[in-house]
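Participant: quick one, fold the following:
(one chain, ligands or ions: 3)
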Amino acid sequence: MDFTVKSGTPEKQRSACLVLGILEARHLSPAAEKADEAAGGFITQLLRRGDMDGKLGQTLLLHNVPNLAADRVLLIGCGPSRELGDSQFRKIIAKAATTLNDTGASEAVSYLAELPVKGRDTAWKVRQTVESCEDALYRYEQTKSKKDETRRPLRKLVINVAERGELAGAEAAARTGMAVAAGIKLTKELGDLPPNICTPSYLADQALALAKRHKALKVKVLNTSDMEKLGMGALLAVARGSEEPPKFIIAEYRGGKKGDKPVALVGKGVTFDSGGISIKPAAAMDEMKYDMCGAASVLGTLAAIAEMKLTINVVGLIPATENLPSGLATKPGDVVTSLSGQTIEILNTDAEGRLILCDALTYAERFDPVAVIDIATLTGACVIALGKHASGLLGNHPPLLHALLNAGKDTGDRAWELPLWEEYQESLKTNFADMANVGGREGGTITAACFLSRFTKKYHWAHLDIAGTAWVTGEKKGATGRPVPLLAQFLMQRADGGK
Ligand code: BES
Ligand code: MN
Ligand code: ZN
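Facilitator: Ligands and ions are numbered 1, 2, ... in the order given. As a prediction, the model looks like this:
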């Protein structure tokens, strides 16, 4: 979709649709007031008659409003003004986007960015308008024979801002929003694709295709024999049961100065997790196609920052494999040697994410990174602990965790810290190797991070467990594109601060 910004008075907009906010109860937003004045109190009259009281998410589509240059007016309920915060604003935009998409208007002018949102400036509202709009209008289509049947979908949104002086900032914010939205979309598409299409090789091809589109991005893909030579015994142990060859994707974005140390993003790329020999129950096993959403979020974030031309160096590392049972598959009790040299007793082949990540985390050392962030749908325990609203966050460097938590707050893509205390390490003890790959049932998200922490001693590191946030189930089942907004925001702030 196309987004532009403008500053003009509502009654004069020649557009297929004007989008105006109505606050509860029956309170016109400033832009709605102006339009109402020009229309001789037409909107006030409707509200008085009880057609709309401004409850959050209410909509009313009007035609032939007198004295307005626009063909239609879409009124959106915004709730009471004192409650208008980040999440309310996002809901308002999403509702406006889906409603517009169902009208005959393929283009519209929105005055919603002028709404007062607590603690947020115009740039934030413009960027959120773009991101929430794209998020609401995303439809998965790649493997459907019948495409979306919307007759005249929304193609262009003009975002109006109150003052001409805000235009430059608003334009930059819209461009940022479009770049991040494109990254989110890529992440959703990869997540939603079926596992017979989205294989490790497919992910590698997507990374290579992305590098073709951006000069600053270079991609290299390691195959099984490269990994054998390096000694990635943990990653290879997971791949053993599968016919699909594993891939290790290295994507280097060079937007910063030559000597600037990169931030490394490491994404779990299990394109299907059956559990392996420790096989999962059949119910909802299809959802384990989403077990590559960490990898997808790394590619989505790289796409976003490359589009924004961020002045920062970032390296994406993606260990990609399936986790399947077979006669060759790794068995519970097998001991393998990781790239770090540490040995691991694999007591549960379903704890495969940490096995592929540990070798990628060791590999990250060679880039001498300023910080390493791994992103993984790592534990069911995280879904139980935090549900779908917050990603789990653990790590070894408080300032890094702090910056990530803040990036989450700014974007509504929130994370919540869990403790990574020494005491939890004990659960990984075994008599037969340096460590086991599972602790007990208790504190599963934490003991998984404990495992990873043994491979991240040489740098500042944070781990995002996105098992609960990467996709939603139910009627709207699908990938969410998280945590691309958080990661993109974190990198934007680092690029700014680094200047
Ligand atoms: N990919 C799963 C984690 C997962 C489970 C994500 C459910 C989203 C929903 C991971 O590989 C896994 O199987 N983890 C095990 C670890 C256990 C064996 C220690 C889990 O969480 O049950
Ligand atoms: Mn698993
Ligand atoms: Zn998994």
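Participant: pLDDT weak spots in this structure?
Facilitator: Along the chain, the parts satisfying pLDDT under 70 run over 498-499.
Participant: what residues does it put near ligand 2?
Facilitator: Selection of the chain residues close to ligand 2 by CB under 5 Å from the ion yields D273, D350, E352. Any C-beta I mention is one placed from the backbone N, CA and C, and that applies to glycine too.
Participant: within reach of ligand 1, which of those residues are there?
Facilitator: Judged by CB under 6 Å from any ligand atom, the overlap between the residues of the chain next to ligand 2 and the neighbourhood of ligand 1 comprises D273, D350, E352.
Participant: can you count the residues close to the second one?
Facilitator: Residues lying near D350 (other CB atoms under 10 Å) number 20.
Participant: surely it touches P281?
Facilitator: No. Under the criterion of CB atoms under 8 Å, D350 lies out of contact with P281, with a separation of 10.8 Å.
Participant: regarding this protein, what is its longest helix?
Facilitator: As far as residue count goes, and with DSSP state H defining each element, the longest helix of the chain is helix 167-192.
Participant: beyond that helix, next helix or strand please.
Facilitator: Helices and strands here follow DSSP states H and E; after helix 167-192, the next one along the chain is helix 200-213.
Participant: which SSE is immediately downstream of that next one?
Facilitator: Using DSSP H and E, the helix or strand that follows helix 200-213 in sequence is strand 217-222.
Participant: what does that next one rub up against?
Facilitator: Taking CB atoms under 8 Å, 6 or more residues apart in numbering as the criterion, the residues outside strand 217-222 that touch it are 204, 207-208, 210-211, 230, 247-254, 302, 306.
Participant: just flag the most distant two among the residues you listed.
Facilitator: Longest distance between any two of those is 27.0 Å, between L230 and A306; criterion CB to CB.
Participant: of those two, who's got more company?
Facilitator: When neighbours are counted by other CB under 10 Å, A306 comes out ahead of the other of L230 and A306, with 22 against 16.
Participant: so what's the residue count around G169?
Facilitator: Taking other CB under 10 Å as the definition, G169 ends up with a neighbour count of 15.
Participant: do A216 as well
Facilitator: By the measure other CB under 10 Å, the count of residues near A216 is 17.
Participant: thinking it is in contact with A306, fair?
Facilitator: Yes. When contacts are counted by CB under 8 Å, A216 is listed as touching A306 (6.0 Å).
Participant: now, which of the contacts of strand 217-222 sits nearest A449?
Facilitator: F248 (22.0 Å).
Participant: quick one, what contacts the closest one?
Facilitator: When the contact criterion is CB under 8 Å, 6+ apart, the partners of F248 are V221, L222, D226, M227, M232, L235, L317, I318, P319, A320, A360, Y363.
Participant: K429 versus the third one, what's the distance?
Facilitator: In this structure, D226 lies at 33 Å from K429, with CB to CB, to the nearest Å as the measure.
Participant: ok, now the second one?
Facilitator: Look at L222 and K429: by CB to CB, they are 32 Å apart.
Participant: could you do the last one as well?
Facilitator: Applying CB to CB, the value for Y363 to K429 is 26 Å.
Participant: more crowded one of the two?
Facilitator: Ranked by neighbour count (other CB under 10 Å), Y363 and K429 place Y363 first, with 23 against 11.
Participant: so after the helix or strand containing the more buried one, what's the next helix or strand?
Facilitator: Per DSSP H and E, Y363 falls inside helix 353-364. Reading on from helix 353-364 to the C-terminus, the next helix or strand found by DSSP H and E is strand 371-376.
Participant: need the CA coordinates for that next one. PDB is fine.
Facilitator: Once non-C-alpha atoms are left out, strand 371-376 reads as follows in PDB (Å, rounded to 0.1, in the frame of the first residue of the first chain):
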ATOM      1  CA  ALA A 371      26.000  -7.500  21.200                       C
ATOM      2  CA  VAL A 372      24.300 -10.800  20.200                       C
ATOM      3  CA  ILE A 373      20.600 -11.300  20.300                       C
ATOM      4  CA  ASP A 374      19.100 -14.600  19.600                       C
ATOM      5  CA  ILE A 375      15.400 -15.000  18.700                       C
ATOM      6  CA  ALA A 376      13.700 -18.300  19.100                       C
END
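Participant: in its sheet, what does that strand sit against?
Facilitator: Sheet pairing of strand 371-376 (DSSP bridges) gives strand 263-267 (parallel), strand 461-465 (parallel).
Participant: angle of it against helix 353-364?
Facilitator: Here strand 371-376 runs at an angle of 160 degrees relative to helix 353-364 (axes from the mean of the first three to the mean of the last three CA atoms, to 10 degrees).
Participant: may I see the buried residues of the helix or strand following strand 371-376?
Facilitator: As assigned by DSSP H and E, the chain's next helix or strand after strand 371-376 is helix 380-386. By 16 or more other CB atoms under 10 Å, the buried positions in helix 380-386 come out as A381, C382, V383, A385, L386.
Participant: where's the nearest residue to the first one once chain neighbours are set aside relative to A70, distance?
Facilitator: What sits nearest to A381 in space, not counting adjacent residues and going by CB to CB, 6 or more residues apart in numbering, is G444, at 3.0 Å. Per CB to CB, G444 is found 55 Å from A70.
Participant: check P281 too.
Facilitator: P281 sits 55 Å away from A70, taking CB to CB as the criterion.
Participant: higher neighbour count, those two?
Facilitator: Neighbour count, other CB under 10 Å: between P281 and A70, A70 has more, with 22 against 7.
Participant: how about the residue in the stretch 151-300 of the chain that ligand 2 sits nearest to, phi and psi?
Facilitator: Using CB to the ion, D273 is the residue of the stretch 151-300 of the chain that sits closest to ligand 2, at 4.4 Å. Dihedral pair for D273: phi -110, psi 100, per degrees, to the nearest 10.
Participant: adjacent strands (with direction) for the lengthiest strand in the chain?
Facilitator: Here the longest strand in the chain is taken by residue count, with DSSP state E as the criterion, and it is strand 313-323. Within its sheet, and counting by DSSP bridges, strand 313-323 is paired with strand 247-254 (antiparallel), strand 263-267 (parallel), strand 269-273 (parallel).
Participant: give the contact list for the nearest residue to R151 once chain neighbours are set aside.
Facilitator: The shortest distance from R151 to any residue other than its chain neighbours is 7.4 Å, reached at G104 (CB to CB, 6+ apart). If you count contacts by CB under 8 Å, 6+ apart, G104 has them with A16, R151, R152.
Participant: OK, now which residue of the chain is nearest to ligand 2?
Facilitator: Of all residues in the chain, D350 sits closest to ligand 2, at 3.9 Å by CB to the ion.
Participant: what about the nearest residue to that residue once chain neighbours are set aside, neighbour count?
Facilitator: Once flanking residues are discounted, D350 sits nearest to G275: 3.8 Å by CB to CB, 6+ apart. Applying the criterion other CB under 10 Å, we find 18 residues in the vicinity of G275.
Participant: helix or strand: which one has the nearest residue in space to D192 that is not next to it in sequence?
Facilitator: Here the nearest residue to D192 in space, its sequence neighbours aside, is Y140; by CB to CB, 6+ apart that works out to 4.5 Å. Take DSSP H and E as the rule and Y140 turns out to sit in neither a helix nor a strand.
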